[in-house]
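Participant: Below is the sequence, then the predicted model.
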Amino acid sequence: MARAQCIVHRGNRLLMVKHQMNDEEWWCLPGGGIMEGEKPEQAAIRELKEECCVEGNIIAEVSHNKYPADSQSYTYIVDIGRQEPQLGVDPEFGVPILVDIAWFSLKEVPERDRAFLWFSGLLAIPEFYSEVGQWGDDISYPKDARR
């Protein structure tokens, strides 16, 4: 399955949507599956409108990645101007799975979800590249994940 998603930011804050499914919750970029015959760019803009109720303009593609299970993801920097996002729906599922929408700084994003942001090309945005460049050389890793 292929996925298209949008990086929408205002300064150093990212627009993210919260999903809830099977007793699990996670934050991710607005996006979703690419329909048959649809270009990734079209899917990204459609998903942004469905999930966040805003129109967007693609500024640049920042990543095209392949996951281990023959899946792909396309990520685009998207401008929404002064529109105010609102929680929309994900019509691909029979039940509501979108439960929240918010603007986050990197320090507010859970570690697991932040890892997916790096994979998606977040460092292509100067504000985030600059912030990460100031982090220092300390080594850290989530305590539960150490083995």
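Facilitator: Nice, thanks for sending it over. Note that the coordinates shown come from a computational prediction; the quantities given were computed from them, not determined experimentally.
Participant: Can you give me the separation between the residue most central in space within the chain and Glu127?
Facilitator: What sits nearest the mean C-alpha location of the chain, by C-alpha atoms, centre = their mean, is Leu29, with 1.7 Å. Per C-beta to C-beta, to the nearest Å, Leu29 is found 16 Å from Glu127. C-beta coordinates here come from the backbone N, C-alpha and C atoms, glycine included.
Participant: Ok, Ile34 next?
Facilitator: For Ile34, the distance to Glu127 - C-beta to C-beta - is 28 Å.
Participant: With neighbour numbers in mind, choose between these two.
Facilitator: Ile34 (22 against 15; other C-beta atoms under 10 Å).
Participant: Wait, the more buried one touches Ala4, no?
Facilitator: Yes - counting by C-beta atoms under 8 Å, Ile34 does reach Ala4; the two are 5.4 Å apart.
Participant: which neighbours do these two share?
Facilitator: When contacts are counted by C-beta atoms under 8 Å, 6 or more residues apart in numbering, Ile34 and Ala4 have 40, 43, 74 as shared neighbours.
Participant: By neighbour count, which of those wins?
Facilitator: Neighbour-wise, the shared contacts of Ile34 and Ala4 (other C-beta under 10 Å) top out at Tyr74, 23 neighbours.
Participant: I'd assumed that one was in a helix, is it?
Facilitator: No - assigned with DSSP: H, G, I helix; E, B strand; the rest coil, Tyr74 falls outside any helix and is strand.
Participant: For the chain, which segments count as strands?
Facilitator: 2-7, 9-10, 13-21, 24-28, 31-33, 57-66, 72-79, 98-104 (DSSP state E).
Participant: mind listing what the third one pairs with, with the direction of each?
Facilitator: Think strand 13-21. Take DSSP bridges as the rule and strand 13-21 pairs in its sheet with strand 9-10 (antiparallel), strand 24-28 (antiparallel), strand 98-104 (antiparallel).
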